[in-house]
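A.B. asks: Pasting the sequence and the predicted model now:
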Amino acid sequence: MTKRVGIFVSGGGSNLRALVDDMVGDHTARPVVVVSNNAQSGGISWANNKGIPTVVVDHRPFGDDRLSFENAVSAAIYPYFPDILCLAGFMRVFTANFISSWPDKILNIHPSLLPRYKGLNTHERVLKAGDKEHGCSVHLVTSLLDDGPILGQAHVPVIQGDTASELSNRVLAKEHILYPAVLRRFTAGDTRFVRL
């Protein structure tokens, strides 16, 4: 049975594109909706051009009322009946209330080798620490930030003289390979660790 995937973005959507481009042929999943909190998201524009249904739920009118925002998101995606949600550069943190409605069905990609460097500014933090290796992780989402079982990781070397931008670009290129590889396995019921 084909799995229905909802993909969440806030910005340009490069990971969205990598996921969608892979969900063809014998893949056990298909994208059914792209969701954003930002109507100007490049990901939303790209999805519209591809004919993938999109919904935008702007978080700003909700202020600090995260529960009402999440209820609005749930109502917006309900008609598409997604089985799995992929966070692909979605810059909002969901509460335990939302996550509990999707147990073991929300994936996220994070630009670090978790459990190291949870949160923001990971590339700068890696350089400041003098690490020799960096990378990205795909994990199941839990109520703890950038936590949950890790399903895959891709590694990149930190090169002498790297800037945060250069390092970010190399990690992003790996994200575009890792996330589709993990999703392909996950939708087929295979949760074995993927290492790139």
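C.D. replies: Sure, I can see it.

A.B. asks: remind me, longest helix of the chain?
C.D. replies: helix 164-187 (DSSP state H).

A.B. asks: ok, Cys86 touching Arg4?
C.D. replies: No. With contact defined as Cβ atoms under 8 Å, Cys86 does not reach Arg4; the gap is 11.4 Å. The way it works is simple: take the backbone N, C-alpha and C, and place the C-beta from them, glycine included.

A.B. asks: of those two, who's got more company?
C.D. replies: Cys86 (30 against 16; other Cβ atoms under 10 Å).

A.B. asks: Show the contacting residues for the more buried one.
C.D. replies: Taking Cβ atoms under 8 Å, 6 or more residues apart in numbering, we find Cys86 in contact with Val5, Gly6, Ile7, Phe8, Leu19, Ile106, Leu107, Asn108, Tyr179, Leu183.

A.B. asks: Make sure it is indeed in a strand.
C.D. replies: Yes. Cys86 sits within a strand when classified using DSSP: H, G, I helix; E, B strand; the rest coil.

A.B. asks: that older thread, wait, which of the contacts of Cys86 is closest to Val73?
C.D. replies: Phe8 (8.6 Å; Cβ to Cβ).

A.B. asks: is the closest one in a bridge, and if so with what?
C.D. replies: Val35, Leu87 (DSSP bridges).

A.B. asks: now it: how far from Glu133?
C.D. replies: Counting by Cβ to Cβ, to the nearest Å, the gap from Phe8 to Glu133 is 28 Å.

A.B. asks: my read is Ile109 is in a strand, agree?
C.D. replies: Yes. Ile109 sits within a strand when classified using three-state DSSP.

A.B. asks: thought it was touching Ser137?
C.D. replies: Yes. Under the criterion of Cβ under 8 Å, Ile109 makes contact with Ser137 at 7.3 Å.

A.B. asks: What are the boundaries of the strands in the protein?
C.D. replies: All strands of the chain, identified by DSSP state E, fall at 3-9, 29-36, 54-56, 84-87, 106-110, 133-140, 150-157, 194-195.

A.B. asks: export those strands to CSV and tack on mean pLDDT and distance to Val93?
C.D. replies: CSV is the format used below for the strands of the chain (pLDDT from 0 to 100; distance: least, Cβ to Cβ, whole Å):
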stretch, mean pLDDT, distance to Val93
strand 3-9, 98, 12
strand 29-36, 98, 15
strand 54-56, 98, 18
strand 84-87, 98, 10
strand 106-110, 98, 10
strand 133-140, 98, 14
strand 150-157, 98, 18
strand 194-195, 96, 25
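
A.B. asks: mind putting these in a markdown table, distance to Phe94 included?
C.D. replies: What follows is these, written out as a markdown table (distance: least, Cβ to Cβ, whole Å):
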| stretch | distance to Phe94 |
| --- | --- |
| strand 3-9 | 9 |
| strand 29-36 | 12 |
| strand 54-56 | 16 |
| strand 84-87 | 8 |
| strand 106-110 | 8 |
| strand 133-140 | 13 |
| strand 150-157 | 18 |
| strand 194-195 | 24 |
